[in-house]
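S.K.: next one to model:
(one chain, ligands or ions: 1)
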Amino acid sequence: SLLLFTLVLLVTAEYLRVRRPSSFPPGPWAFPLVGNMFSFNPSNVHGDMTKLAEKYGKVYSLKMSGSWTVVLNGLSVLQEGLSKGDLSDRPDFPIHTDVLPEMGIIFSNGHKWKQQRRFALFTLKYFGVGKKSLESSILDEVIYISKEIANHKGKPFTLHLIMNNAVSNIICSLVFGHRFEYGNEKFLKLLTLLDKGTQIEASIWAQLYNAFPVLMRRLPGPHHTLQNIYGEIMDLMKAEINKHKEDWNPSEPRDFIDCYLNEIQKHQDKRDDEADAGFNEDNLVMCAFDLFGAGTETTSTTLRWALLYMAKHPEIQAKVQAEIDGVIGQSRQPSMEDRANLPYTEAVIHEVQRMGNIVPLSLPHITSRDVQLGGYTIPKGVTIIPNLTSVLFDKNEWETPDTFNPGHFLNEEGKFVKRAAFIPFSAGKRLCLGENLARMELFLFFTSFMQRFSFSMPPGVEPVMKPRFGITLSPIPYEICATSRKE
Ligand code: HEM
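M.R.: Predicted coordinates:
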């Protein structure tokens, strides 16, 4: 009878644990222990989460990773929610805190996050985001990658790693002060690891680790691979920082690392009593990691979607090329000033981002205090998932939400129009820090590719548009043919 009593006690305790607090948003039944962790198709979590909004409303709740989670759906809820300062912290994830010495920008909070974010934004701007100097280094990279593409002479080839390398070189130039040659085995290995890391990070293994860290620390599985990947990426950051320290001249900062070393010194010299702003060498490693990671996968994935969509829709590709031929021609490289004169091309890039939906659930936030939203009270400490998919594919916002249609961004005269529901970079205080950089990269790489090549699928091959699920939704690695347009 003692056993029975204990069992009843445990079941009651678990029932109380998974029961929704009063005035909390509704949601599906949460199973004891695992909550709703296994309720989603692992390759379509964003789609399943979007469907749940039809049943439970735009603000609904789940039990994930051992804690209450609220999913925000639809433009007005997301805009209202994300504009609230009380919703802009990040949760702590044991899979990170167990191995990372500091939280950098993406996963830090409070005063440290504000200082690190402000510093990173300022420094990226200082080294050229939005300026001619950066534009010309992107255009140089275009020449390198175009040579590689042309070498395949119209035969099928895989773009995946070389695109990652080319895009990564832009953020590497800003952070480390140099690019990596395409044949650099060590760097290619790192890019492959980064790619693998984003898959594991979004997997059930990472969720289980965050829900049951004590158990998962002892069990083998891909979660440990993820932690080894973090280790290898941090090693690259440390090596770059050490090289910088050898010939660092505080009066002539060359890149983000040099500026950060200056900032560490400044804070040491001041020995101020102000709250810790987090300028130390461990955090430099993490900030460089964040910029490198966030600045590589995202833009590269979008460009790989762009070329796949062009191969799928040759008539749209031809229209983009005709517009570029008329405005830029073949005798010079594109420049950011051309953007205003290329409305159709701009619309295509936006539509690629909308359909590509590469960060489908944004990154998780957490409430730092009780928050009123959608008629509910969401208590402090609840994880928030901004469901960007619910906005980018909302049938009330887009004329043909499930079809690739550049017309979504054009008015009747063919002029480019901004759409409020275009939020691939999220919104509010945690809005993507690299948005301006990404927009420059997307525009210059894409127009250059369209100016130089026509992309098509290998004969007899149909493009696969179903994405691979991870932190980013990316195309399944594909082969493509690139025919030079200059000949
Ligand atoms: C955060 C999207 C490119 C750096 C984010 C978030 C999204 C996003 C959805 C999460 C916002 C939130 O928490 O609500 C994208 C897309 C990109 C892109 C779609 C390209 C097409 C870049 C680039 C960089 C970058 C090139 C490099 C500087 C960051 C950083 C954060 C972030 C550091 C964290 C900001 C913070 O926590 O304060 N991005 N991103 N991103 N992104 Fe991007």
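
S.K.: how about the residue nearest to Pro314 when sequence neighbours are not counted, what does it touch?
M.R.: Once flanking residues are discounted, Pro314 sits nearest to Ser456: 6.9 Å by Cβ to Cβ, 6 or more residues apart in numbering. Just so you know, the C-beta spots here come from the backbone N, C-alpha and C atoms, and that holds for glycine as well. Contacts of Ser456 were listed using Cβ atoms under 8 Å, 6 or more residues apart in numbering, and they are Ala311, Pro314, Ile480, Cys481, Thr483.

S.K.: most neighbours among the residues you listed, which one?
M.R.: Ile480 (22 neighbours; other Cβ atoms under 10 Å).

S.K.: mind checking how far that residue is from Lys189?
M.R.: Distance of Ile480 to Lys189, computed by Cβ to Cβ, to the nearest Å: 24 Å.

S.K.: same question for Val285.
M.R.: Val285 is 19 Å from Lys189, by Cβ to Cβ.

S.K.: identify each buried residue in stretch 459-471, please.
M.R.: In terms of neighbour count (16 or more other Cβ atoms under 10 Å), stretch 459-471 has its buried residues at Pro463, Pro467, Arg468, Phe469, Gly470, Ile471.

S.K.: would you check which pair of those residues lies furthest apart?
M.R.: Pro463 and Ile471 (23.1 Å; Cβ to Cβ).

S.K.: right, and Val129 touches Met440 too?
M.R.: Yes - using Cβ atoms under 8 Å, Val129 is in contact with Met440, at 7.0 Å.

S.K.: ok, and the closest non-adjacent residue to the closest residue to the ligand within the stretch 51-200 of the chain?
M.R.: The ligand sits closest to Ile106 of the stretch 51-200 of the chain, with a gap of 4.3 Å, by Cβ to the nearest ligand atom. When the adjacent residues along the chain are set aside, Ile106 lies closest to Asp290, with 4.8 Å between them (Cβ to Cβ, 6+ apart).

S.K.: ok, and does the host helix or strand of the one you found reach over to the ligand?
M.R.: Element membership for Asp290 (DSSP states H and E) is helix 281-312. Yes - applying Cβ under 6 Å from any ligand atom, one finds helix 281-312 in contact with the ligand at Asp290, Leu291, Ala294, Gly295, Thr298, Thr299, Thr302.

S.K.: just the buried ones from the residues you listed?
M.R.: Buried among these by 16+ other Cβ under 10 Å: Asp290, Leu291, Ala294, Gly295, Thr298, Thr299, Thr302.

S.K.: residue contacts, the third one?
M.R.: Contacts for Ala294 were tallied using Cβ under 8 Å, 6+ apart; they are Ile106, Cys432, Leu433, Gly434.

S.K.: check the last one too.
M.R.: When contacts are counted by Cβ under 8 Å, 6+ apart, Thr302 is found next to Val352, Gln353, Gly356, Ile358, Ala438, Leu442.

S.K.: what do you get for Leu75?
M.R.: Counting by Cβ under 8 Å, 6+ apart, Leu75 has contacts Val391, Asp394, Glu397, Ala420, Ala421, Ile423.

S.K.: in a markdown table, list those residues along with neighbour count and distance to Ala150.
M.R.: Output for the contacts of Leu75, formatted as a markdown table (neighbours: other Cβ atoms under 10 Å; distance: Cβ to Cβ, whole Å):
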| residue | neighbour count | distance to Ala150 |
| --- | --- | --- |
| Val391 | 28 | 39 |
| Asp394 | 15 | 41 |
| Glu397 | 18 | 40 |
| Ala420 | 11 | 40 |
| Ala421 | 20 | 38 |
| Ile423 | 22 | 36 |
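
S.K.: of the residues you listed, which ones also sit close to the ligand?
M.R.: Okay, of the contacts of Leu75, nothing touches the ligand (Cβ under 6 Å from any ligand atom).
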